[in-house]
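> Have a look at this prediction, sequence included:
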Amino acid sequence: MPIYGYQCKKCGDTFQTLVRSGEEPTCPSCGGAELEQQLSLIASPAKGGDSDAPSCSNAGAGPSCASCPGAAMFG
């Protein structure tokens, strides 16, 4: 169930909401149903820092390798 960002065409309010399959979101401010879905930005992994997670030299190049921390989720 993804969270989407919308801007209401009726009142101009910008908001984010969880959208379940088959549901049509409405503006929480005015109840309007004419919404424009906004571009979602996906956070990229931080470079450096204090993270204990190993970095992957194959990031973005294809299927993850067995040493990637997220491999178990997708494999």
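On my side now, so go ahead.
> contacts, neighbours, all on C-alpha from now
Fine.
> Give me the nearest residue to residue 33, chain neighbours excluded.
Excluding the flanking residues, the one nearest residue 33 by C-alpha to C-alpha, 6 or more residues apart in numbering is residue 26, at 4.8 Å.
> was I right about that neighbour contacting residue 37?
No: taking C-alpha atoms under 8 Å as the definition, residue 26 is not a contact partner of residue 37, at 11.5 Å.
> Could you check how many residues crowd around residue 35?
20 (other C-alpha atoms under 10 Å).
> For the residue nearest to it when sequence neighbours are not counted, which residues are in contact?
Residue nearest to residue 35 in three dimensions, not counting chain neighbours: residue 8, with 4.6 Å by C-alpha to C-alpha, 6+ apart. Neighbouring residues of residue 8 by C-alpha atoms under 8 Å, 6 or more residues apart in numbering: 14, 27, 32-36.
> can you check residue 26 too?
If you count contacts by C-alpha under 8 Å, 6+ apart, residue 26 has them with 32-35.
> could you pull out the strands for this protein?
Using DSSP state E, the strands found in the chain span residues 3-8, 14-18, 35-37.
> Take those and write them to TSV, including mean pLDDT.
Output for the strands of the chain, formatted as TSV (pLDDT from 0 to 100):
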stretch	mean pLDDT
strand 3-8	92
strand 14-18	91
strand 35-37	95
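> thinking again about what came up before, neighbour-wise, which one of the contacts of residue 26 leads?
Counting neighbours by other C-alpha under 10 Å, the top entry in the contacts of residue 26 is residue 35, with 20 neighbours.
> Pretty sure that one sits against residue 11.
No: with contact defined as C-alpha under 8 Å, residue 35 does not reach residue 11; the gap is 10.0 Å.
> which secondary element of this protein has the worst mean pLDDT?
Least confident helix or strand, the chain: helix 71-74 with a mean of 49, by mean pLDDT, DSSP states H and E.
> Spatially nearest residue to residue 10, not counting backbone neighbours?
Nearest residue to residue 10 in three dimensions, chain neighbours excluded: residue 32, at 6.3 Å (C-alpha to C-alpha, 6+ apart).
> Thanks a lot, catch you later.
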